[in-house]
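# Show me how the following folds:
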Amino acid sequence: MAERPDLFDLNDTKTIGLFKDETPGNVITESYHIRAKFYHYVLADKSTKSKHKGVSKKGMSDMAKDTYFPSLGGTLLDNTVEKDEIFDPMTQVYRDCLFENNIFYAKNVGMRTKNHVISLIESEKKALSPIDTKRWIWSDGISSLPFGHWRIQVYKKLLERGTSHEAAEKIAIGTRLPEKY
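Have a look, this model is predicted:
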C-alpha cells in the first residue's frame with residue numbers, strides 16, 4: 001500500500017475514492033470470500049472478522065457454534081488451550097462452504113408489522129451457499145470469471161469439440177485475444 005499512495009488512504013483522512021486499510025498493522029493469514037458482501041478473514045494474531053449481509057451476527061454465530069461445538073466432545077473449559085490451537089467455528093463454516101460445498105442455514109429474528117400490529121418473527125435463512133449467481137467458478141473453487149466473459153465461451157466450445165474438462169479449462173484460461181489493428 002505504501003508503494004501506491006494514489007490508491008490508498010494511508011493517513012485515515014477519509015478521502016473519497018481511496019481504499020482504506022481495514023487491518024492497520026496486521027497481516028491477513030486466511031481469507032474466505034464466498035460472494036459479494038460475504039467474507040471472513042483471520043489475522044496473524046488469530047482474531048477474525050466476518051461480513052455477511054442480510055444475516056444477523058447472532059444468527060451466524062449461533063449457527064457456527066451449533067454446527068461444530070457438539071462434534072468437539074466435551075468442553076473447551078476442561079483444559080487450558082494455547083491461543084494458536086483455539087478452534088474458531090466461524091472460520092470452519094466459511095472453509096466448509098467454500099471447499100466442501102456445504103450450505104448453512106441460520107435463524108434470523110426480525111420485527112414485522114401487519115395491520116399496525118408489531119410482532120417478532122423468527123425465520124430460517126440460507127446464510128452461506130457456495131453457489132455464486134454472478135460468477136463462473138473454475139474447478140479449483142477459487143478462480144472465477146463474471147458470467148458472459150469470452151473465456152467461458154471458449155471453454156464451452158472446447159467441450160463441444162470433445163476436449164476433456166481439465167484440458168478445456170487449461171486452454172481457456174491461457175487463451176489470449178488477438179490484437180486488433
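
# tell me which strands and helices the helix or strand bottoming out on mean pLDDT in the chain is in contact with?
Among the helices and strands of the chain, helix 57-72 carries the lowest confidence by mean pLDDT, DSSP states H and E, at a mean of 80. Packed against helix 57-72 by the contact rule (3 or more C-beta pairs under 8 Å, 6 or more residues apart in numbering; DSSP states H and E) you find strand 48-52, helix 89-99, strand 104-114, strand 117-128. Yep, even glycine has a C-beta here, placed from its N, CA and C like the rest.

# What number of residues are in the vicinity of residue 60?
Per other C-beta atoms under 10 Å, the neighbour tally for residue 60 reads 23.

# typo on my end, residue 64
For residue 64, the number of neighbouring residues by other C-beta under 10 Å comes to 22.

# Give the full set of residues in contact with it.
Taking C-beta atoms under 8 Å, 6 or more residues apart in numbering, we find residue 64 in contact with 89, 90, 92, 93.

# so residue 33, which of the three states?
strand (DSSP: H, G, I helix; E, B strand; the rest coil).

# For residue 122, see how far away residue 93 is.
20 Å (C-beta to C-beta, to the nearest Å).

# which of these two has more neighbours?
A side-by-side neighbour count of residue 93 and residue 122, using other C-beta under 10 Å, places residue 93 first with 26 against 9.

# Show the contacting residues for the more buried one.
With contact set as C-beta under 8 Å, 6+ apart, residue 93 has these partners: 60, 63, 64, 67, 68, 104, 128.

# hmm, 10 Å instead?
Listed by C-beta atoms under 10 Å, 6 or more residues apart in numbering, the contact set of residue 93 reads 32, 40, 50, 52, 60-61, 63-65, 67-68, 102, 104, 106, 127-128.

# any idea how far it is from residue 55?
As defined by C-beta to C-beta, residue 93 lies at a distance of 11 Å from residue 55.

# Return every residue with contacts to both of the two.
When C-beta under 10 Å, 6+ apart defines a contact, the residues bordering residue 93 and residue 55 alike are 63, 104, 106, 127, 128.
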